[in-house]
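J.: Predicted model and sequence follow; I will ask about them next.
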Amino acid sequence: MTSARRPLQEALPDLATALLMLVFAACCAAFVRQASLASFADDSVVYLVMAQVFSPWQAVSAPVAEAFAREAIYPPLFPLLLALTGAARDIAWAHVVTALLLAACLPLVYVLALRWLAGRWIAVLATLAVALLPSLWINAKGILSEPLFCLLLLATLCVLEGEPAARGRTALLALLMAGLVLTRTVGMIPVVAYAAWAVTRGASPQGRWRPLVPAAVALAAYVLWAELRPSVTSEGYLQIVAGRAHRYLDAENPVVALAGLLWQQADAMAQAWIGSLMVYWVEGSPLRAVLACAIGLLGLGGLAWRFLQGRPDAWMLAAYVLTYLLWPFDDQMERFLFPALPVLVLYAFAALGALRRRARAGQALLALLMLSLSGPAMAFLYERAHTQGPYGEITDWYRKPDLAEARARAATHLDLLADMDAIRRLTRPENRVMWVAPAYIALLADRRGVPAPRAGLDPAAYRVAVRASGADYAFLSVYHPRDTIHDTAWQEGARALAGHAKVVHVHVRGDNTAVSSILFRLER
């Protein structure tokens with residue numbers, strides 16, 4: 001009887017994880033499913049434009065095909081997946097596909113936890129702690145590549161934890177690493193870090209160079225995509241890095257300037273980590289934030305511990321995290337941290353393995369601590385999701401605990417969705433509409449989008465650029481999807497076109513305090 005019960009007892013944690021994945025998939029899909037975009041401030045529009053071009057099921061529209069030539073700067077795997085699953089033109093299904101990719105990460109988290117932690121039920125608790133991270137749910141609102149990248153990263157680490165001599169291991173690693181770089185450009189960072197680990201691990205020449213095959217395949221895959229994508233696109237990331245590097249090198253004291261950047265990025269990363277665990281915290285009551293920071297330090301300790309042990313996963317994750325200490329977009333740090341979040345959480349659990357005899361108890365307490373931090377945040381998300389009205393469809397509705405601020409930020413995106421409907425209604429199919437983010441015009445208004453003139457032009461030069469663009473309409477909005485801080489494009493456009501073009505649509509904010517957008521008909 002005892003021997004018969006043992007296999008069942010050993011299978012129970014596996015069954016619990018499978019049930020957790022199914023519940024997560026159902027709940028997350030219900031949470032994100034909607035017929036519209038959740039934000040104008042992310043790259044969902046780019047992936048959907050690319051997916052419609054890649055789709056074998058439906059012909060691409062002329063506006064989207066034209067937008068593709070400008071927008072196809074991101075790696076193709078995620079939009080290709082959307083295309084093959086029939087989600088290119090079905091935004092609601094695209095949201096669900098993204099949620100299902102995230103749900104598929106949980107079994108891989110469990111497999112890694114089995115390798116690194118003190119028992120099967122501890123692995124289940126660690127997986128549950130990951131599943132209830134509010135950051136996963138909020139980031140799942142966007143139709144973005146991070147869930148697929150997270151899935152491929154976890155799968156890569158699971159294969160690396162397996163038997164080195166396993167048949168087909170090198171081919172599988174090559175496939176997964178190629179998937180990483182074809183999902184997000186930053187995938188090159190962990191791949192190169194893995195190659196560095198392989199070169200420096202002190203094995204025989206044959207044993208040292210064979211692990212480089214997956215990295216070489218991944219690099220070749222990215223180069224191939226760079227050659228095949230539209231010729232008008234460019235390596236924007238390299239331009240950004242080069243521009244920022246010149247800024248710091250030209251500073252009066254480059255060392256001080258670089259130190260300031262590192263401090264700013266480290267602070268943003270700490271804020272992103274805390275927000276990933278609990279969304280918000282109350283000013284003057286720092287205990288929960290301090291506990292979240294302690295878990296983060298524990299995660300870094302686990303990363304350092306595995307790095308000192310010479311583990312390839314630590315090389316890869318360390319390189320990924322360090323990259324964002326230098327990447328100059330601190331306002332997006334939570335999204336950048338999101339794909340690595342499950343592994344960093346597991347590192348925190350693994351760090352407690354140093355307790356040896358008390359490792360199981362320490363890891364169980366850590367799981368309970370994380371659940372105590374994420375529980376109120378999940379209740380907050382549930383309450384916000386069940387608020388009446390359309391606000392629950394917008395990502396920013398969940399990022400701000402202050403209700404008035406959250407409502408105002410969500411209303412900005414809802415107003416722009418209404419503007420896209422107005423543009424479709426007020427213009428003809430053959431018209432060209434200018435905006436700072438023309439891909440939205442193509443995808444949501446089904447009109448050919450024209451990029452707005454570059455910033456810094458005087459009114460006369462702006463009007464000349466508008467005429468030269470061939471646009472029939474110009475859409476101006478206070479909110480700039482690619483520059484959410486400044487309203488320079490709005491101010492310059494309004495000064496140039498006011499009195500020189502006919503106003504056909506004006507959108508006033510819901511509180512009737514100010515105009516949020518204007519559609520001009522241009523005289524050619």
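T.: Alright, I've got the coordinates.

J.: how does the protein divide up, domain by domain?
T.: 13-385, 403-521 (automatic domain parsing).

J.: How about the secondary structure of Leu414?
T.: helix (DSSP: H, G, I helix; E, B strand; the rest coil).

J.: what's the burial count for the residue lying closest to it once chain neighbours are set aside?
T.: Counting by CB to CB, 6 or more residues apart in numbering, Leu414 lies nearest to Pro390, which is 5.7 Å off, once chain neighbours are set aside. Where C-beta positions appear, they are placed from N, C-alpha and C, glycine not excepted. The number of residues packed near Pro390 is 16, by other CB atoms under 10 Å.

J.: what's the distance between Pro390 and Arg407?
T.: For Pro390, the distance to Arg407 equals 11 Å [CB to CB, to the nearest Å].

J.: what's the closest of the domains of the chain to Trp397?
T.: Counting by CB to CB, Trp397 lies closest to domain 403-521 out of the domains of the chain; the figure is 4.3 Å.

J.: hang on, the earlier thing: would you turn the domains of the chain into a markdown table with distance to Thr395?
T.: Supplementary listing: the domains of the chain in a markdown table, determined by distance: least, CB to CB, whole Å:
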| stretch | distance to Thr395 |
| --- | --- |
| domain 13-385 | 4 |
| domain 403-521 | 8 |
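
J.: export those domains to CSV and tack on mean pLDDT?
T.: Formatted as CSV, the domains of the chain follow (pLDDT from 0 to 100):
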stretch, mean pLDDT
domain 13-385, 89
domain 403-521, 91
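
J.: With mean neighbour count as extra columns, can I get those in CSV?
T.: Listed next are the domains of the chain as CSV, based on neighbours: other CB atoms under 10 Å:
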stretch, mean neighbour count
domain 13-385, 19
domain 403-521, 18
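
J.: and Ile394, which of those domains is closest to it?
T.: domain 403-521 (4.0 Å).

J.: Tell me the span between the first and last residue of that closest one.
T.: End-to-end distance for domain 403-521, by CA to CA, to the nearest Å: 37 Å.

J.: Looks to me like Val450 is in a strand.
T.: Yes: Val450: assigned to a strand according to three-state DSSP.

J.: who does it bridge with?
T.: For Val450, the beta-bridge partners are Met434 (DSSP bridges).

J.: isn't it right up against Asn431?
T.: No: with contact defined as CB atoms under 8 Å, Val450 does not reach Asn431; the gap is 10.1 Å.

J.: helix, strand or coil for Gly162?
T.: coil.

J.: In contact with the residue nearest to it when sequence neighbours are not counted, which residues?
T.: Leaving aside its sequence neighbours, Gly162 sits nearest to Arg169 (CB to CB, 6+ apart; 6.7 Å). Residues near Arg169 by CB atoms under 8 Å, 6 or more residues apart in numbering: 159, 162-163.

J.: Any chance of a markdown table for those, columns distance to Val321?
T.: Below are the contacts of Arg169 laid out as a markdown table (distance: CB to CB, whole Å):
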| residue | distance to Val321 |
| --- | --- |
| Val159 | 21 |
| Gly162 | 24 |
| Glu163 | 28 |
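
J.: Dump the C-alpha coordinates for stretch 116-129 into PDB.
T.: Extracted in PDB, the C-alpha atoms of stretch 116-129 (Å, rounded to 0.1, in the frame of the first residue of the first chain):
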ATOM      1  CA  TRP A 116      17.200  24.500  -7.800                       C
ATOM      2  CA  LEU A 117      15.000  24.200  -4.700                       C
ATOM      3  CA  ALA A 118      14.500  21.900  -1.700                       C
ATOM      4  CA  GLY A 119      11.500  19.800  -2.700                       C
ATOM      5  CA  ARG A 120       8.500  19.300  -5.100                       C
ATOM      6  CA  TRP A 121       6.000  21.200  -3.000                       C
ATOM      7  CA  ILE A 122       8.400  24.000  -2.500                       C
ATOM      8  CA  ALA A 123       8.700  24.200  -6.300                       C
ATOM      9  CA  VAL A 124       4.900  24.400  -6.400                       C
ATOM     10  CA  LEU A 125       4.900  27.300  -3.900                       C
ATOM     11  CA  ALA A 126       7.600  29.100  -5.900                       C
ATOM     12  CA  THR A 127       5.500  28.700  -9.100                       C
ATOM     13  CA  LEU A 128       2.400  30.000  -7.300                       C
ATOM     14  CA  ALA A 129       4.400  33.000  -6.100                       C
END
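
J.: that older thread, tell me how far the residue nearest to Leu414 lies from Pro481.
T.: Taken as CB to CB, the span from Pro390 to Pro481 is 19 Å.

J.: Which elements pack onto the longest helix along the chain?
T.: When the chain is parsed with DSSP state H, its longest helix is helix 2-32. Packing contacts for helix 2-32, counted by 3 or more CB pairs under 8 Å, 6 or more residues apart in numbering; DSSP states H and E, involve helix 91-103, helix 105-116, helix 120-131, helix 134-139.

J.: quick check: angle from the first one to helix 2-32?
T.: Using axes from the mean of the first three to the mean of the last three CA atoms, to 10 degrees, the interaxial angle of helix 91-103 with respect to helix 2-32 works out to 150 degrees.

J.: next helix or strand past the longest helix of the chain?
T.: Next helix or strand after helix 2-32 toward the C-terminus (DSSP states H and E): helix 44-54.

J.: quick one: that next one to helix 91-103, angle?
T.: Using the same axes, to 10 degrees: helix 44-54 against helix 91-103 is 100 degrees.

J.: And Gly296, how far from Ala266?
T.: Counting by CB to CB, the gap from Gly296 to Ala266 is 11 Å.

J.: Actually, Ala113.
T.: 28 Å.

J.: And Gly353, by the same measure?
T.: The value you get for Gly353 to Ala266, if CB to CB is used, is 26 Å.

J.: cool, and Ala226?
T.: Ala226 is 32 Å from Ala266, by CB to CB.

J.: where along the stretch 401-524 of the chain do the helices fall?
T.: 403-426, 438-444, 459-469, 488-497 (DSSP state H, counting those that start in this stretch).
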